[in-house]
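> Got a predicted structure here, sequence first:
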Amino acid sequence: MAKMTVKLFATMMIYLPVNSTKSHGFDYQLKDETTVGYLIDDLKLPRNVIHLVLLNGIYVCMQNFETTMLKDGDVLAFWPQVAGG
Amino acid sequence: MSWTKKVLRINLTKGTCKSEPLNMEWAEQFLGQRGLATKYLTEEVPPKTDPLSPENTMYLITGPLTGTMASTAGRYSVVTKSPLTGVIACSNSGGFFGNEMKCAGWDMVILEGKAKSPVYIHIDDDDAQILPADEIWGKSVWEADEWLHAKHQDPQLRVAAVGVSAEKGVLYAGIINDLHRAAGRSGVGTVMASKNVKAVTIRGSKGVSVDDPKAFFEATTAAKKILAENPVTGEGLPALGTQVLMNVINETGAMPTHNWKHSVFEGASKISGEAMLEARDTDGKPNLTRNAGCFACTISCGRISTINPEHFSVQNKDDLHKSYAGNSGGLEYEAAWALGSDTGIDDLDALTYAQFVCNEQGIDPISLGSTIAAAMEMFEEGFITTKDTDGIDLKFGNAEALVKCTELVGKGEGFGAELGQGSAKFCAKHGHPELSMTVRGQEFPAYDPRGIQGMGLGYATSNRGACHLRGYTVASEVLGIPIKTDPLETEGKAGLQIAFQNATAAFDSAGICIFTSFAWSLEDVAPQLNAACEGEWTVERLGEIGERIWNLERLYNEAAGFGGASDTLPPRLLKEGATSGPAEGKVSGLATMLPEYYAERGWAKDGSVTKETKARLGL
């Protein structure tokens, strides 16, 4: 069955499942036609906190959440609004 | 008001301390801090001056908001000519030193000439003295700090000092105040030590006045509310500090790794801000103890951390290193990537230790880590051997080698003295200048411009050599502040970089921290300045001041011999594509962006500032 990795960083770490094994992330089983938007709702991630979403390192803007399809082996990472330097 | 309108000029050769009025005509044009000191430098220090000669002068300077109740208003800058780069040096620090200078009644302290023997400057409000420092010459910043506090029997004395690295001529030695805040880059500490000055101590009891107290209270309160409600300055930075970026930049594929051969580091998550929160196996404590704030700061991004007590770096240390057992300042992102991913080391405790040593001995961890990483590549390629490295097995990923090299640079001894010359000189000496990841002799910060295109243009044009604090387009290109742009695109980056560079120069001249700019624009700064200072301080005026400062810095560098020809990047970034991640196969598009940048700046095609632009800005 197809699976991918979800990573939650910074203050979104509180939404990590207790058994997450990868570094700040966990495996996610893909269903048919899973979009970024579906995954967000499935994991009950708060949309108002999500600011930066990178799919295999590429930025996914909020308008494309419902149309961006996920596939086997993808890495999807989430951050709230962050900055540093 | 807000400026004290007084300057303390100390001539170390003659042994005199004199008060003089601040040049208010220049303050009107350059505001304060970075801008105003740049004006003084360009008027007083000829561009070809040898940076380590008595003819070089140092300006320790505050901004008009320094010492006030504006958020983050504890900043001061050190401006001088850099021994690392040969161009202008301007290093900015927080902590509690800048506000103390202001409260003692001084906008600026100028150090000129050279003392005959080691001294320190002691300032107690109006009274300034040059006192002998023989007893602390050869001691670390932390030892000097302890000695000075004991000598003056004043726990609230503020101390800015140099470590042994500066005394021994390490070219990227900084000035450390309050034990672990640093005017870190470009070797400003090396210049101070070259004048035989070990420290500046200040005690101020006067307070700072503002022009319109009621308007100032309202403006600063409104601005603090913006910081508190912003997710970055109100939540992210206090919780994770600058280190929140480690995973972001790595996932973006712009994490400099193995001396910039790669741009994704496998061990990034182990040395990230998130990892600093995780409990260790040994004592059950996380690396991070708490966050910390500088004077008047309502963000508090600083990190106070401990090293795993069982880690090899803190075993068998003598009394000199007793401070390593407790809490100290670190780990910050810029230290973590340079000492960590660039050297291939994913040992959080080793990096924390190395950062502590950088604070203790006054070393810029960016230049240190980058120079070690360049040496590691040379070692792995066989260009240098253990005969050159004092027997150190200088392979990528060797944490013990990092610890040893850091200690040697801290003392300026043996192989450490050679590493202390910076990667440009080190790589050139061993026949491979192309392996030095520098612009105008200064080592890069933490963002690979093949994956964040705007930063390549920023590094190439930065007036103090490669730097992230001159135009931080990462905010827009990666983090979406204030708007998201595509990091892999070159289009529009010239204008973006110029906007960031000009605004940053204005922030840096006001007396506040650049981190406020994650939530504030100049529209939030202008009302605070307008209430604090006499005269009209509008957004437009601040934008123009920023542009004027940028051009003045550029003119000084041009005259010093670093014009358009030095606006370039190392061949690795221009010719070798990124090896993995979203930027795979991409190189920096500098050649496309640079002509656009010159045109938008109003400069000639060779990058020189035109007469028209000078006239427009009153230069």
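Sure thing, it's come through.

> burial count for B:A173?
By other Cβ atoms under 10 Å in any protein chain shown, the residues close to B:A173 number 36. Glycine gets a C-beta too; all of them are placed from N, C-alpha and C.

> Who does it form a beta bridge with?
Beta-bridge partners for B:A173, by DSSP bridges, are B:I363.

> Can you name the residues that contact it?
B:A173 makes contacts with B:162-163, B:165-166, B:187, B:189-190, B:193, B:362-364, B:420, as judged by Cβ atoms under 8 Å, 6 or more residues apart in numbering or on different chains.

> Nearest to chain A among the residues you listed?
Distance to chain A, by Cβ to the nearest Cβ, is smallest for B:D364 among the contacts of B:A173, at 15.2 Å.

> what about the closest one, how many neighbours?
Residues within reach of B:D364, counting by other Cβ under 10 Å, total 32.

> So it versus B:Q355, what's the distance?
In this view, B:D364 and B:Q355 are 11 Å apart by Cβ to Cβ, to the nearest Å.

> Regarding B:E553, what is its secondary structure?
Per DSSP: H, G, I helix; E, B strand; the rest coil, the secondary structure class of B:E553 is helix.

> And the pLDDT for it?
B:E553 is assigned 98 on the pLDDT scale.

> on that earlier part again, mark which of the contacts of B:A173 are part of helices, please.
Applying DSSP state H to those, the entries found in helices are B:165-166, B:189-190, B:193.

> what ranges do the helices span in chain A?
For chain A, the helices defined by DSSP H cover A:36-42.

> Mark out where each domain of chain B begins and ends.
B:6-203, B:257-436, B:448-617 (automatic domain parsing).

> The longest one: end-to-end distance?
Across domain B:6-203, the straight-line distance between its terminal residues is 16 Å, by Cα to Cα, to the nearest Å.

> what do you get for the last one?
Start-to-end span of domain B:448-617 (Cα to Cα) is 33 Å.

> what does stretch B:355-373 give?
In stretch B:355-373, first residue to last residue: 16 Å (Cα to Cα).

> Now that stretch: buried residues?
If you call a residue buried by 16 or more other Cβ atoms under 10 Å in any protein chain shown, then stretch B:355-373 has these buried ones: B:355-373.

> hmm, back to that, could I get the domains of chain B in a markdown table, plus columns for distance to A:M13?
As requested, these are exported to a markdown table (distance: least, Cβ to Cβ, whole Å):
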| stretch | distance to A:M13 |
| --- | --- |
| domain B:6-203 | 26 |
| domain B:257-436 | 6 |
| domain B:448-617 | 18 |
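
> so which of those domains gets nearest A:A2?
Among the domains of chain B, domain B:448-617 comes nearest to A:A2, with 21.9 Å by Cβ to Cβ.

> does any bit of that closest one sit next to chain A?
Yes - for domain B:448-617 and chain A, the contact criterion (Cβ under 8 Å from any Cβ of the partner chain) is met by B:468-469, B:472, B:474-475, B:478-481, B:484, B:486-487, B:514-515, B:518, B:581-582.

> Please, a PyMOL command that selects the buried ones among those?
A single PyMOL command selects the buried members of the residues of domain B:448-617 next to chain A (16+ other Cβ under 10 Å):
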select buried, chain B and resi 468+469+472+474+475+478+479+480+481+484+487+514+515+518+581+582
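
> Just the residues of domain B:448-617 next to chain A: which are in helices?
Among those, the members falling in helices (DSSP H) are B:474-475.

> List just the nearest of the ones in helices among the contacts of B:A173 to B:P83.
Using Cβ to Cβ, B:T190 comes nearest to B:P83 of the ones in helices among the contacts of B:A173, at 5.1 Å.

> Just give me the neighbour total for the residue of the stretch 301-450 of chain B found nearest chain A.
Proximity of the stretch 301-450 of chain B to chain A (Cβ to the nearest Cβ) peaks at B:Y333, 5.3 Å away. Neighbourhood size, B:Y333 [other Cβ under 10 Å]: 26.

> Give me the secondary structure label for the closest residue to it other than its chain neighbours.
Nearest residue to B:Y333 in three dimensions, chain neighbours excluded: B:T242, at 3.9 Å (Cβ to Cβ, 6 or more residues apart in numbering or on different chains). What three-state DSSP gives for B:T242 is helix.

> show me what contacts B:T242?
Contact analysis of B:T242 by Cβ under 8 Å, 6+ apart lists A:84-85, B:273, B:301, B:332-334.

> Apply 6 Å and report the result again.
Residues near B:T242 by Cβ atoms under 6 Å, 6 or more residues apart in numbering or on different chains: A:84, B:332-333.

> swap in B:P64?
Shown in contact with B:P64 (Cβ under 6 Å, 6+ apart): B:2-3, B:32, B:511, B:532-533.

> picking up where we left off before, figure out which of the domains of chain B is closest to A:T67.
domain B:448-617 (17.6 Å).

> For burial, what's the neighbour tally of B:K429?
The tally of other residues near B:K429 (other Cβ under 10 Å) stands at 13.

> what are the phi and psi values for it?
Here the main-chain torsion angles of B:K429 (degrees, to the nearest 10) amount to phi -60, psi -40.

> just to revisit the earlier point, any chance of the contacts of B:P64 in TSV, with secondary structure and pLDDT too?
Formatted as TSV, the contacts of B:P64 follow (DSSP: H, G, I helix; E, B strand; the rest coil; pLDDT from 0 to 100):
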residue	secondary structure	pLDDT
B:S2	coil	91
B:W3	coil	97
B:G32	coil	98
B:G511	coil	97
B:A532	helix	98
B:C533	coil	97
